[in-house]
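Engineer: Take this sequence and fold it.
(2 chains, ligands or ions: 2)
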Amino acid sequence: MLKLKNVSKAYGKGAIKAVDNISLDIRPGEIFGFLGPNGAGKTTTIKMIVGLLKPDEGVITIDNVNVWEEPLKAKSMISFVPDNPEIYDRLKGIEYLNFIADMYGVSKEDRRRKMDYYLDLFNIKDAVGDIIASYSHGMKQKLVLTSALLSDPKLFILDEPMVGLDPKSAFNLKEIMRKMCDGGRTVFFSTHVLEVAEKLCDRIAIINKGKIIALGTMEELRNSAERSQSLENIFLELTE
Amino acid sequence: MNKILSLIKTDFNTTFGLSSIAYSIKNKKNRWQLILFGIAMLSLIPSYILIVKSLSGMYDIYAQIGQKSMFLLTGFLASQILVFIFGLLYVMSKYYFSNDLAHLVPLPIKPSYIIGSKFVTLMVSEYLTSLPIILPFIIIYGTKNGEGPLYWIYSLLLIIFLPIIPLVLASIVVMIFMKYTNIGARKDLIRTVTAILFLIAMIYIQLQIQTIAQKSLVQGSDFLVNLIKDSNLLVKKLGVSFPPSQWAALTLANTSNLIGIINLLTFIGVAIITFILMIFLSEYLFFDGLIGNIEVSASKGRGKKIDTSDLSRETKPYVALAKKELIMLFKTPVYLLNAVGGVIIFPLILAFTNISGGDESLSKTIEMLSVDMGYIALACIGFISALGLINNIGSTTFSREGKCFWIQRTLPIRIEDQILGRLLSSLAVQVLGILALLVSLLFIVKLDLLSIILIIVMGLLGSIPTTQIGMAIDILRPMLDWDNPQRAMKQNLNVLISLAVGALYLGGLVFLTIKIIDKFYLSFIYGLIAVIFILSSIILFKVLKVLISKQFEQLE
Ligand SMILES: Nc1ncnc2c1ncn2[C@@H]1O[C@H](COP(=O)(O)OP(=O)(O)OP(=O)(O)O)[C@@H](O)[C@H]1O
Ligand SMILES: [Mg+2]
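Structural biologist: Ligands and ions are numbered 1, 2, ... in the order given. Model prediction:
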């Protein structure tokens, strides 16, 4: 599904490599967790996948579509939720949702069904008639999540999605991710919440200083680590 | 006093971006852009010289009828009215919608200090409006009339004090306006409607004053006798619509006698008194209009179920994009004032200058020369095309995305839709400009249906390339890192560069038209211009496609 091959990226004049020659192969129907300490290169990697940052080297493909050669085709398969989403705050919630749905060409029937479902689930149905500037941080985030789900994406990419969500919404989001994967969709997300990663993810990658230092299922990670058993300990041990 | 000096200094720096300019000059990468910008600005000089030359001809006409001072009045009126009209826009965005207010209001400083410091920076920016207009008038009059040193000293004083009265008036009008429209959730709408009504009322009143003045002027058989007796007659009669301009004109026309110094002192004295009055009023008016601007009208629907089946509908991507652009333009006050306000106000200025121009007014000239309707329509088309630049929509279209730019870059939007949608939003605003122009023209000439259709169709056609020029410049270096929309539109160098480049394009077209206007049928010229508009639109579309796809990839 999503393949990264020898991808590197350096900011500025190439002094430090934020992402250093990483390769990943994410399978369809998989929930993939991307962990790493602050400044490890998670956001940078994600930005390169979604078309916000051009890699210096390497190839990124989604279903064999090169993200940087056929951006339109690739982007129509992806939905992306950034870590701190800034959206058009002068639009009403519903106007924003319709705008995004129009860009993906979602049919009227589909978008109504999805809106009804997700707005209810996230409990923001009553707010979609208001302008986004009046939303709280979490409400804004839930609107962005809803908008990202309208197109029923093949690949759902989220950068630290749990930050700022209330417990119920976080639970709902986890359920949504599960269901998507059951339906053959792929989810790729970064997080600092190890517990979420441990329980939710089929496979996990840990990145440190731009390099992948561990990759595999929870089981495989446990086996490879010498004495650690919890993900927390593995994480601490590896990123020391 | 220290407080106010420090306020002024900070405000200066942020307004004119002194630090960032200094940084740009040091930064090699930006230096060529500044140089390019300089060259583009230099290219405007020839057309300015042309205008100044025609002013010199105007002086000669007034000199022939012994009313030289009328020439000065025209200059002072034009510059002060422009300062006032721009002042309304500047004051509104600077006093009420600028990014520093969130920091200033909580500080322990009086409202009058904030207003005072903002007023000073505004005055300096207003010199940029007033100087290019008033200087040629003063210089032409002074040199042709062989005036002595006193004239130049008086001129200097007048120039320094010139923006004060109009700007004070604009400040008071806006502060009262903001205070009494600061009501309820619908205040944006209320404000827009009141503002338009106010402008119409203002034009109407001006019109009334002028007709009364003109009537009283020519009444009775002794008009010609009076004209010869009193060389300041026209100024005295026609200056009533804005007395400060009259005082200024009389000052310079009477440097050798007491009338001059009396008028000068009146001009300066009134400026100072009105300024103090404004500062005094600001204590009562300013905060009342300001507080609550930051609130947005929310939760009208909260608690009430919104049925998504009513609200969700499918739209073509470019239409959806244009719609989103328009909502953002109309709901963000700074954008509304500059983009939409701009296209409405410029045509109105045209009507104003005609009305306050007295005998030399445009309509009289047109009548006298029995100008062909086709030529007038042609001029209007050029004017509308220029509005496509002045509305700043093209030249800020990507900058305005700001921190939301990621949305556009991660969505699967075809570049053609990207261009088309943004273009459409500009054209929609242009329609308002065309309407304002047609309404203003009602005061000046009687247009036939064909001309109206020509103006609408060709005006829109001409707005396409001018908007595209702005878009091309904006995508080359979009200014995305802002936290107040003010910066995307008012402190964006792309706006100025686009104006300069666009002026070159339109200037070339005007030059060509003038060259061939008496050699071909008018209909052929129309056809030619249409072809040029269409061709340049297509070429620019292609250029934009390349630029956008490249920049969407490369930006970080
Ligand atoms: N715009 C930028 N310009 C220069 N360097 C940057 C930029 N963005 C990130 N970096 C650098 O790249 C490296 C990786 O940053 P990145 O944002 O990918 O980290 P992250 O793993 O997402 O961290 P966090 O957990 O804090 O979100 C860091 O060293 C950071 O300083
Ligand atoms: Mg990050």
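
Engineer: C-alpha from now on. contacts and neighbour counts both.
Structural biologist: Noted.

Engineer: secondary structure class for the most centrally placed residue in chain A?
Structural biologist: The centre of chain A sits closest to A:Leu158, judged by CA atoms, centre = their mean, with a distance of 1.8 Å. Here A:Leu158 is strand, with the state taken from DSSP: H, G, I helix; E, B strand; the rest coil.

Engineer: in the sheet, who's paired with it?
Structural biologist: For A:Leu158, the beta-bridge partners are A:Val81, A:Phe189 (DSSP bridges).

Engineer: shouldn't it be in contact with A:Phe80?
Structural biologist: Yes. Assessed by CA atoms under 8 Å, A:Leu158 is found in contact with A:Phe80 at 5.8 Å.

Engineer: Distance check, the spatially closest residue to A:Leu165 that is not a sequence neighbour against A:Pro55.
Structural biologist: Excluding the flanking residues, the one nearest A:Leu165 by CA to CA, 6 or more residues apart in numbering or on different chains is A:Gly138, at 5.5 Å. Distance, A:Gly138 to A:Pro55, by CA to CA, to the nearest Å: 31 Å.

Engineer: Who has more neighbours out of these two?
Structural biologist: Taking neighbours as other CA atoms under 10 Å in any protein chain shown, A:Gly138 and A:Pro55 compare with A:Pro55 leading, 22 against 15.

Engineer: pLDDT value on B:Gln100, please?
Structural biologist: Wrong residue type there; residue B:100 is Asp, not Gln. pLDDT, B:Asp100: 75.

Engineer: list the contacts for it?
Structural biologist: Listed by CA atoms under 8 Å, 6 or more residues apart in numbering or on different chains, the contact set of B:Asp100 is empty.

Engineer: A:Ile100 too?
Structural biologist: Going by CA under 8 Å, 6+ apart, A:Ile100 touches A:147-148, B:411.

Engineer: could the residues you listed go into CSV alongside neighbour count?
Structural biologist: Formatted as CSV, the contacts of A:Ile100 follow (neighbours: other CA atoms under 10 Å in any protein chain shown):
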residue, neighbour count
A:Ser147, 27
A:Ala148, 21
B:Leu411, 22
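
Engineer: I'd like to know how far B:Pro478 sits from ligand 1.
Structural biologist: B:Pro478 sits 16 Å away from ligand 1, going by CA to the nearest ligand atom, to the nearest Å.

Engineer: whoops, I mixed them up, B:Ile209
Structural biologist: Following CA to the nearest ligand atom, the distance that separates B:Ile209 from ligand 1 is 60 Å.

Engineer: Spatially, which residue comes closest to that residue, not counting chain neighbours?
Structural biologist: Computed as CA to CA, 6+ apart, the closest residue to B:Ile209 that is not its neighbour in sequence is B:Ser241, at 6.2 Å.

Engineer: Determine the number of other residues adjacent to residue 78.
Structural biologist: In the absence of a named chain, this looks at chain A. Applying other CA under 10 Å, we find 24 residues neighbouring A:Ile78.

Engineer: was after chain B, sorry
Structural biologist: Look at B:Ala78: counted by other CA under 10 Å, it has 21 neighbours.
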